[in-house]
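1. Following is a predicted model, sequence given first.
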Amino acid sequence: MSRQKIVAGNWKMNKSLQEAKTLVEQIINQVNEFDEVTKIIIPPFPFLETVKSSISNKPNFYIGAQNCHTNASGAFTGEVSASMLSSVGCEYVLVGHSERRQFFKEKDADLVLKIKEALKNNIRPIFCIGETIHERKTDNHFKVITEQLTNVLKQFSIAEFPKFVLAYEPVWAIGTGETATAAQAQEMHAFIRSIVTDIYDSSIASNVSILYGGSCNPQNAQELFRCPDVDGGLIGGASLKADDFCKIIFSF
């Protein structure tokens, strides 16, 4: 079965409104009618509606958010709920990104609540998992990934899971200039798929898209995407340049 090919651009805390408009226009102009790949733009919150308007009616373009709150509403100054994201046309949301885990101390229990809110509002979670350099060097990377997946996915039914996209982030390869080799990426993606098989079944596991999220760029994307269990990329820095992002889209 052919899995969904996805390239998602996580802009993080970058760009002004005008820069956001220009970047999206440049991406659309280069990609044109190429719709084989699912293209997800994940800008900062203030730009969601503007970017959504820009990609409206463009083939296979979607909008995603970088985070959502664990609650549906309430006195949570500075936070954004999944229902708010849905109201501006958001179709995907990142959950469990390594920076959220590291800087905002998000735990598995928080991620479960965020995903529940996303699903309740018909938003597909891009669930991120990954190990630090210490965890890899001490040969604990498979254990860490198993725990991150199991602690969260066991809270969701076999009917809910097909709405998930998974993203493997080797934390040691994000913003460091380091990149996992294609062999390392394939090894971990295959391992992730085996864990999903254990939790659900092989049919479910064979259909979930697993993205590579560790400094994927125009130079390594083609080799990474040739790996049988790598279904695309969660792109950071390279998503801020239209030429680079589009080259990655065309790397399948």
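-> Received it, and whenever you're ready, just let me know what you need.

2. contacts, neighbours, all on C-alpha from now
-> OK.

3. In the chain, which residue sits furthest out from the middle?
-> residue 75 (28.0 Å; CA atoms, centre = their mean).

4. How about residue 17, nearest residue that isn't a chain neighbour?
-> residue 47 (6.4 Å; CA to CA, 6 or more residues apart in numbering).

5. Show me which parts of stretch 111-125 are buried, residue by residue.
-> By 16 or more other CA atoms under 10 Å, the buried positions in stretch 111-125 come out as 111-119, 121-125.

6. swap in stretch 132-150?
-> 132, 135-136, 141-142, 144-146, 148-150.

7. What's the end-to-end length of it?
-> 18 Å (CA to CA, to the nearest Å).

8. Just the mean pLDDT for it, thanks.
-> For stretch 132-150, the mean pLDDT works out to 95.

9. what about the top helix by length along the chain, distance to the chain center?
-> Counting residues, the longest helix in the chain under DSSP state H turns out to be helix 182-199. Helix 182-199 has its C-alpha centroid displaced from the chain centroid by 16 Å (CA atoms, centre = their mean, to the nearest Å).

10. contact partners of the helix or strand containing residue 224?
-> Assigned by DSSP states H and E, residue 224 belongs to helix 221-225. With contacts defined as CA atoms under 8 Å, 6 or more residues apart in numbering, helix 221-225 is touched by 181-182, 185-186, 230-233, 248, 251-252.

11. Just among the residues you listed, which is most surrounded?
-> residue 232 (30 neighbours; other CA atoms under 10 Å).

12. Quick check: that one vs residue 115, distance?
-> For residue 232 relative to residue 115 (CA to CA), the value is 21 Å.

13. again with residue 204
-> Residue 204 sits 18 Å away from residue 115, going by CA to CA.
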